[in-house]
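Asks: Turn this into a model:
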Amino acid sequence: MNYHIKIINQLVDNYSYIICDDKSNEAIIVDPADEKPLLEFLKNNKLKLIAILITHHHSDHTAGIMKIKKNYDVEVYTPNKKINGTTKYVKDNDKINLNFINFEVISTPGHTLDHVVYFSKKEKILFSGDTLFFYGCGRVFEGTNEQMLNSLNKIKELPDDTIVYCGHEYTYKNLEFILDELVHWQDKGATKSKCKELINERGSSMPFNLGHQKNMNPFLNCNDIHYKQGISNFRKNEGKIRADASELDFFNFIREKRNNY
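Replies: Below is the predicted model of the structure:
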């Protein structure tokens, strides 16, 4: 691997990422909200910015585009032509070749209608924006729950060893929700402590392994009978959802509980 990924904290709990090529010193930014720390990192490390990738139109993922463009003449790949600064419009199944790394665009409507994620098949990394989170998924604002479920199922088809970088630090809250409202884990206390220690030590829970999430993330298990039985039998859910409920009904149930948590 001749590149590394720098996690850049943004706003309150957002993440932007800078993918840096160790040979050419070229760089790619994903979802810039606050341009200041991004520009500072580029300058301090003498990096040449060659592209910006945007997952969706929300301002906490796009607000830094124009000020970055004042400093760099750079291509901006977005799934929405209305996003200010867009130079390259992308859609489902598009391929993006960026000198040292290539991405496939996967359409994932739900959180927003224009949402996409960026997957590098060769490097097995995924920038999931606000579609998939560590132990969770994004709220459904513009699309439907069915669209979001279908989008998550697309991501679920990617290889287990895919490494995921998402748009927010929601991990501990998502884990608390699962353990308080959905299922019983024998090692509940140890799991929470380990998660908190990870974030405190590294300043971030990013990145995470997709295979692990296929086993543990409730939003990726709405059609798994064992996970569904665990949820339906949990003391807070007795009589509220049946283990044989449809995949979509289970997603609706979990998403509504998380919205109100």
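Asks: chain center to the helix or strand encompassing residue 194: distance?
Replies: According to DSSP states H and E, residue 194 maps onto helix 188-202. Mean C-alpha position of helix 188-202 versus that of the full chain (Cα atoms, centre = their mean, to the nearest Å) differs by 20 Å.
Asks: again with stretch 73-87
Replies: Relative to where its chain is centred, stretch 73-87 has its mean C-alpha point 20 Å off (Cα atoms, centre = their mean).
Asks: next one: stretch 164-181
Replies: On Cα atoms, centre = their mean, the centre of stretch 164-181 falls 11 Å from the chain's centre.
Asks: Now for residue 158, how many residues are close by?
Replies: 19 (other Cβ atoms under 10 Å). The way it works is simple: take the backbone N, C-alpha and C, and place the C-beta from them, glycine included.
Asks: Assumed it was part of a strand.
Replies: No. In this structure, residue 158 is coil, not part of a strand, as judged by DSSP: H, G, I helix; E, B strand; the rest coil.
Asks: Tell me how far it lies from residue 186.
Replies: Note on residue 158: its distance to residue 186, by Cβ to Cβ, to the nearest Å, is 29 Å.
Asks: list the helices and strands the lowest-mean-pLDDT helix or strand in the chain packs on?
Replies: Lowest by mean pLDDT, DSSP states H and E among the helices and strands of the chain is helix 188-202, with a mean of 93. Where contact means 3 or more Cβ pairs under 8 Å, 6 or more residues apart in numbering; DSSP states H and E, helix 188-202 is packed against helix 171-177.
Asks: List the buried residues for the helix it packs on?
Replies: Within helix 171-177, the residues scored as buried using 16 or more other Cβ atoms under 10 Å are 171-172, 174-175, 177.
Asks: nearest to residue 88, of those?
Replies: residue 171 (31.3 Å; Cβ to Cβ).
Asks: Quick check: bridge partners of the residue lying closest to residue 4 once chain neighbours are set aside?
Replies: The shortest distance from residue 4 to any non-neighbouring residue, by Cβ to Cβ, 6 or more residues apart in numbering, is to residue 20 (5.5 Å). Residue 20 has these beta-bridge partners by DSSP bridges: residue 4, residue 27.
Asks: Tell me the confidence at residue 58?
Replies: On pLDDT, residue 58 comes in at 98.
Asks: what about it, how many neighbours?
Replies: Residues near residue 58, counting by other Cβ under 10 Å: 23.
Asks: how close does the closest residue to it other than its chain neighbours get to residue 155?
Replies: What sits nearest to residue 58 in space, not counting adjacent residues and going by Cβ to Cβ, 6+ apart, is residue 112, at 6.7 Å. Distance of residue 112 to residue 155, given as Cβ to Cβ: 16 Å.
Asks: Confirm for me that the residue nearest to residue 58 is in contact with residue 142.
Replies: Yes. Under the criterion of Cβ atoms under 8 Å, residue 112 is in contact with residue 142, at a separation of 4.7 Å.
Asks: Settle it for me: which of those two has more neighbours?
Replies: Neighbours per residue (other Cβ under 10 Å) separate residue 112 from residue 142, with residue 112 holding more: 23 against 15.
Asks: ok, the more buried one - contacts?
Replies: The contact partners of residue 112, taken as Cβ atoms under 8 Å, 6 or more residues apart in numbering, are 56-58, 130, 141-143.
Asks: most neighbours, which of those residues?
Replies: Among the contacts of residue 112, residue 56 has the most neighbours (other Cβ under 10 Å), with 28 neighbours.
Asks: Next up, the contacts around that one.
Replies: Contacts of residue 56 by Cβ under 8 Å, 6+ apart are 79-80, 111-112, 114-116, 129-130.
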